[in-house]
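Chemist: generate a structure from the sequence data that follows.
(one chain, ligands or ions: 1)
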Amino acid sequence: MHLPLLVVTAVPAEADAVRAGADPDHVVVAPVGVGPAAAAAGTARLLATGRYRAVISAGIAGGFPGRAPVGATVLATRSIAGDLGAETPDGFLTVDELGFGESVVNADPTLLQALTTEIPGAIVGDVVTLSTVTGTQTTADRLAKSYPQAVAEAMEGYGVAVAAAGLPFAELRTISNPVGPRDRAAWRLKEAFAALSTASARLWTACG
Ligand SMILES: O=C(O)c1cccc(C(=O)CC[C@H]2O[C@@H](n3cnc4c(=O)[nH]cnc43)[C@H](O)[C@@H]2O)c1
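Modeler: Reported below is the predicted structural model:
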């Protein structure tokens, strides 16, 4: 008897897109809220049942220009807390540099390898988790420089990864908008949700 895979999204529209592709017999999809705190709390509550084999943080994301275009599918090698730390006159110090914890969680290597095989067009790289959607070129440039391997930013992956607490974890994103000056009207939600449904059809094959 296979335990099901848990896929957590931020909002119901993302959950619907995952459900449109995923195997309903083996994949449980739950929207748990926007941001790392809601994501961690919601994921921890669901995982406390002990009935899941792995957990995936899934949804739409901003793509770093030149690294992940709108419509692309992204798999995270690492989910990184991009704003957990301290600002100083000399720049941002991560929580690791402060000696208070770890701001980086690696995807489960076996799960990531399987997902990469099953979703061949996916761009593989770091995904930065932020509590605030980037909305200026200055912030976009700073993040791109600080995280040279980051292909996308979103708001939940690190929170889900922490809640996974050793259970196999991965982050799957599809790109709705470039990271940069705020232009909410230009977000390509339909395209990103369609890509999310397509990728989700491969999830159980990768995890089962
Ligand atoms: O309109 C807004 O500014 C806004 C603020 C918070 C959440 C949203 C959502 O649409 C929620 C969905 C989900 O989308 C992810 N996302 C998408 N693009 C980005 C981005 O450029 N930077 C960070 N996160 C992004 C995120 O995970 C949201 O939870 C809209």
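Chemist: which ones are touching T116?
Modeler: 75, 122, 124 (Cβ atoms under 8 Å, 6 or more residues apart in numbering). Where C-beta positions appear, they are placed from N, C-alpha and C, glycine not excepted.
Chemist: may I have the beta-bridge partners of the first one?
Modeler: On DSSP bridges, the residues paired with L75 through beta bridges are V124, L172.
Chemist: what residues does the chain put near the ligand?
Modeler: With Cβ under 6 Å from any ligand atom as the criterion, the chain meets the ligand at residues 10-11, 34, 59-62, 130, 133-134, 153-156, 176-177, 179, 184.
Chemist: ChimeraX command for the buried members of these?
Modeler: Applying 16 or more other Cβ atoms under 10 Å to the residues of the chain next to the ligand, the buried members can be selected in ChimeraX as follows:
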select :10,34,59,60,61,62,130,133,134,153,154,155,156,176,177,179
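Chemist: show me the contact partners of stretch 32-40.
Modeler: 8-11, 41-43, 46, 57, 81, 129, 131, 155-160, 162-163.
Chemist: now the residue in the chain positioned nearest to the ligand: closest residue in space that isn't a chain neighbour?
Modeler: In the chain, the residue found nearest to the ligand is G62; the distance is 2.3 Å by Cβ to the nearest ligand atom. Leaving aside its chain neighbours, G62 sits nearest to V179 (4.1 Å; criterion: Cβ to Cβ, 6 or more residues apart in numbering).
Chemist: my guess is that neighbour contacts P65. True?
Modeler: Yes. Counting by Cβ atoms under 8 Å, a contact exists between V179 and P65, whose distance comes to 6.9 Å.
Chemist: who touches both of those two?
Modeler: With Cβ under 8 Å, 6+ apart, V179 and P65 have common neighbours 140, 144.
Chemist: secondary structure class for E14?
Modeler: helix (DSSP: H, G, I helix; E, B strand; the rest coil).
Chemist: I'd say it and I56 touch.
Modeler: No. Judged on Cβ under 8 Å, E14 makes no contact with I56 at a distance of 11.8 Å.
Chemist: which of these two has more neighbours?
Modeler: Per other Cβ atoms under 10 Å, whichever of E14 and I56 has more neighbours is I56, with 31 against 25.
Chemist: that's a strand at that one, yeah?
Modeler: Yes. Assignment of I56 by three-state DSSP places it within a strand.
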